[in-house]
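Colleague: can't give you the sequence, but here's the structure:
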């Protein structure tokens with residue numbers, strides 16, 4: 001009791017002196033001064049950090065699985081290492097939680113069946129917070145078996161192959177075979193047979209081939225035949241097509257380099273633009289485009305004024321490339337003025353900020369932003385700005401809905417006037433429209449379709465859920481999500497489409513490669529609706545949660561690249577007042593990221 005009174009007195013004294021008193025923990029510090037007092041340390045509020053050491057793709061017999069963990073506040077109390085049959089989520093402790101670093105567990109893989117296993121480590125700190133490591137997948141092989149090392153998903157030319165045989169009698173022969181995916185006839189690849197080693201390294205000559213193929217390693221031990229198959233591998237030895245659009249000479253400031261490129265097989269991976277002084281072959285990279293429409297921004301200020309050639313090199317996912325016809329005699333002149341309007345987006349509403357890029361070696365006096373109904377030449381000033389960065393606030397509610405051309409008129413200090421190129425945008429202030437599309441990665445790998453991944457479709461107003469699906473009141477509803485290869489919907493193989501069967505949500509162009517060529521994948525999912533309050537307006541958010549992961553033969557090995565999705569809403573959707581939803585395309589907001 002006396003100690004409690006003393007501590008209370010100390011706390012009151014600290015408050016009287018203006019000393020901040022924070023949440024207390026059990027850690028103490030004894031001040032060595034004339035007036036000794038016990039001061040409590042700030043509590044641990046952060047979880048520990050934990051990672052698992054990769055034991056390798058293949059494990060056999062008795063192995064040690066190790067983890068690293070740290071906590072810079074209360075310290076690590078223990079680390080528990082677990083295993084589960086791959087993708088089962090049925091976790092089993094490998095050993096008792098380890099309380100002393102280095103953290104590890106012995107694992108007798110002979111006690112489990114051969115196959116793929118997920119491994120993870122869970123760290124708990126002294127304050128009770130926990131953290132779980134990323135999952136590592138390994139394969140247990142303790143009985144006779146053959147394993148084919150994955151050659152990749154898009155192949156060309158001479159392909160190195162590797163396979164191994166495990167736990168078989170010495171001199172057991174094994175081979176690597178190939179067939180077209182649509183065929184049932186296997187043939188041994190020349191040079192891909194051995195009986196003198198447990199590791200087989202050989203090459204597959206794919207030159208001249210363009211199709212889907214299956215590879216397998218095969219061996220017979222006793223009366224049992226063992227195989228390991230890599231199915232639906234895209235072999236593509238055909239280069240993409242590419243044609244560069246000639247930049248409008250003269251160039252100055254930041255310009256857009258553009259081309260058209262296509263590849264019917266593996267798909268276009270990138271288009272690299274380059275420049276060289278006219279009449280030379282000294283090419284220098286300008287900018288890189290990795291998504292349709294394969295255009296990118298290039299700042300010509302870094303170039304000396306003069307005449308240049310430009311080219312585009314398109315590379316497909318298999319590594320084939322082709323060079324577009326070179327465009328010559330493009331003048332770069334950065335001593336002249338330049339002005340351009342930054343496109344505010346394909347669809348605008350309410351009050352928007354429109355930015356203008358303007359520069360002049362003579363100095364900029366002012367910039368006026370103007371608008372005109374598309375198809376007319378009558379321009380009206382929106383505002384004027386004399387200070388960089390140049391921008392205007394445009395209240396789109398002062399004009400009727402429709403398409404508008406925007407341009408900037410720059411007046412230079414010497415009195416010269418320069419007018420920018422036109423950008424076009426649609427004004428749509430209807431009470432209901434789509435405003436955003438986003439995904440949430442709930443699975444283990446970003447950029448791949450997996451169970452627990454989500455896609456959120458946001459409307460600008462609160463909607464009537466019964467117009468999404470007849471009789472729906474907004475409670476969790478079982479639906480079927482469908483992901484189609486872009487070729488099935490008239491687009492690129494790297495621009496797949498997401499939709500939901502039998503509901504009025506329209507479709508989402510993922511602008512990425514999530515399913516293999518010509519695949520149409522259906523996944524059991526759950527649809528829910530929530531309401532968000534944004535700037536005083538209730539918005540409905542439809543969330544589709546995937547309840548299943550596609551089979552591996554339906555999806556590419558590699559994760560989809562970062563891209564911006566575009567959503568085409570359905571006009572069947574209505575708000576609570578019966579207003580119909582706009583079908584204007586909605587582009588994913590924010591910076592480029594990997595979806596799902």
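Modeller: Looks like it came in fine. Just so you know, these numbers come straight off a predicted model, no measurement behind them.
Colleague: switch to C-alpha atoms for all contacts and neighbour counts from now on
Modeller: OK.
Colleague: Please point out which parts of stretch 339-355 sit buried.
Modeller: Judged by neighbour count (16 or more other Cα atoms under 10 Å), stretch 339-355 contains these buried residues: 339, 340, 341, 342, 344, 347, 348, 354, 355.
Colleague: Out of these, which one has the weakest pLDDT?
Modeller: Lowest in pLDDT among the buried residues of stretch 339-355 is residue 347, which has 70.
Colleague: Which parts of the stretch 1-150 of the chain are helices?
Modeller: For the stretch 1-150 of the chain, the helices defined by DSSP state H, counting those that start in this stretch cover 2-16.
Colleague: what residues are up against residue 493?
Modeller: Listed by Cα atoms under 8 Å, 6 or more residues apart in numbering, the contact partners of residue 493 are 264, 265, 266, 267, 485, 486, 487, 513, 517, 518.
Colleague: Show the pLDDT at the spatially closest residue to residue 118 that is not a sequence neighbour.
Modeller: Counting by Cα to Cα, 6 or more residues apart in numbering, residue 137 is the residue found nearest to residue 118 once chain neighbours are left out, at 4.4 Å. On the pLDDT scale, residue 137 is placed at 97.
Colleague: count of residues packed around the closest residue to residue 124 other than its chain neighbours?
Modeller: Distance criterion Cα to Cα, 6+ apart; nearest residue to residue 124, sequence neighbours excluded, is residue 130 at 4.3 Å. Using other Cα atoms under 10 Å, residue 130 has 19 neighbouring residues.
Colleague: is it true that residue 204 touches residue 155?
Modeller: No - when contacts are counted by Cα atoms under 8 Å, residue 204 is not listed as touching residue 155 (10.1 Å).
Colleague: which of the two has more neighbours?
Modeller: Neighbours were counted for residue 204 and for residue 155 using other Cα under 10 Å; residue 155 has more, 22 against 18.
Colleague: pLDDT at that one, what is it?
Modeller: 95.
Colleague: how much space between the spatially closest residue to it that is not a sequence neighbour and residue 186?
Modeller: Closest residue in space to residue 155, ignoring its immediate chain neighbours: residue 235 at 4.7 Å, by Cα to Cα, 6+ apart. Remark: distance between residue 235 and residue 186 (Cα to Cα, to the nearest Å) = 16 Å.
Colleague: With residue 594 instead?
Modeller: Taken as Cα to Cα, the span from residue 594 to residue 186 is 38 Å.
Colleague: Burial check on the closest residue to residue 57 other than its chain neighbours, number of neighbours?
Modeller: Using Cα to Cα, 6+ apart and skipping the chain neighbours, the partner closest in space to residue 57 is residue 138 (4.8 Å). If you count neighbours by other Cα under 10 Å, residue 138 ends up with 19.
Colleague: If we ignore the residues flanking it in sequence, what's nearest residue 204?
Modeller: residue 159 (5.0 Å).
Colleague: part of a strand, is that neighbour?
Modeller: Yes - inclusion of residue 159 in a strand is indicated when DSSP: H, G, I helix; E, B strand; the rest coil is applied.
Colleague: I'd say it and residue 205 touch.
Modeller: Yes - if you go by Cα under 8 Å, residue 159 and residue 205 touch, sitting 6.4 Å apart.
Colleague: Quick check: phi and psi on residue 515?
Modeller: The phi and psi values for residue 515, taken as degrees, to the nearest 10, are phi -130, psi 160.
Colleague: Can you verify my assumption that it contacts residue 558?
Modeller: No - Residue 515 lies out of contact with residue 558 (Cα under 8 Å); the separation is 10.5 Å.
Colleague: Between those two, tell me which one has more neighbours.
Modeller: residue 515 (28 against 13).
Colleague: Give me the nearest residue to that one, chain neighbours excluded.
Modeller: residue 555 (4.3 Å).
Colleague: Need the pLDDT of the one you found.
Modeller: pLDDT, residue 555: 90.
Colleague: Could you check how many residues crowd around it?
Modeller: Neighbour count for residue 555, taken as other Cα under 10 Å: 21.
Colleague: got a list of what it touches?
Modeller: Residue 555 neighbours (Cα under 8 Å, 6+ apart): 514, 515, 516.
Colleague: My read is that residue 134 contacts residue 52, right?
Modeller: Yes - counting by Cα under 8 Å, residue 134 does reach residue 52; the two are 7.3 Å apart.
Colleague: any shared contact partners between those two?
Modeller: Each of residue 120 lies in contact with both residue 134 and residue 52 under the rule Cα under 8 Å, 6+ apart.
Colleague: the more surrounded of the two?
Modeller: Neighbour totals were compared for residue 134 and residue 52, and residue 52 leads with 22 against 16 (other Cα under 10 Å).
Colleague: Can you give the domain ranges for the protein?
Modeller: Using automatic domain parsing, the domain ranges for the chain come out as 2-40, 49-140, 145-236, 245-332, 338-427, 434-587.
Colleague: Does residue 428 touch residue 399 like I think?
Modeller: No - contact criterion Cα under 8 Å: residue 428 and residue 399 do not qualify, at 9.7 Å.
Colleague: quick one, which of these two is more surrounded?
Modeller: residue 428 (21 against 12).
Colleague: Which residue comes closest to that one once chain neighbours are left out?
Modeller: Excluding its sequence neighbours, the residue lying closest to residue 428 (Cα to Cα, 6+ apart) is residue 401, at 5.0 Å.
Colleague: State the pLDDT value of the residue nearest to residue 155.
Modeller: 95.
Colleague: which residues sit against the longest strand seen in the chain?
Modeller: Ranked by residue count and defined by DSSP state E, the top strand of the chain is strand 520-534. The contact list for strand 520-534, computed with Cα under 8 Å, 6+ apart, reads 462, 465, 474-485, 515, 538-550, 554.
Colleague: picking that back up, how about the residue nearest to residue 155, what does it touch?
Modeller: The contact partners of residue 235, by Cα under 8 Å, 6+ apart, come to 154, 155, 156, 206, 209, 210, 211, 212, 213, 266, 318.
Colleague: other SSEs contacting the helix or strand hosting residue 273?
Modeller: Taking DSSP states H and E as the criterion, residue 273 maps to strand 268-277. Packing partners of strand 268-277 (3 or more Cα pairs under 8 Å, 6 or more residues apart in numbering; DSSP states H and E): strand 254-262, strand 284-289, strand 306-316.
Colleague: most neighbours per residue, which of these?
Modeller: strand 306-316 (a mean of 23; mean count of other Cα atoms under 10 Å).
Colleague: any idea of the angle that strand forms with strand 254-262?
Modeller: In terms of direction (axes from the mean of the first three to the mean of the last three Cα atoms, to 10 degrees), strand 306-316 departs from strand 254-262 by 40 degrees.
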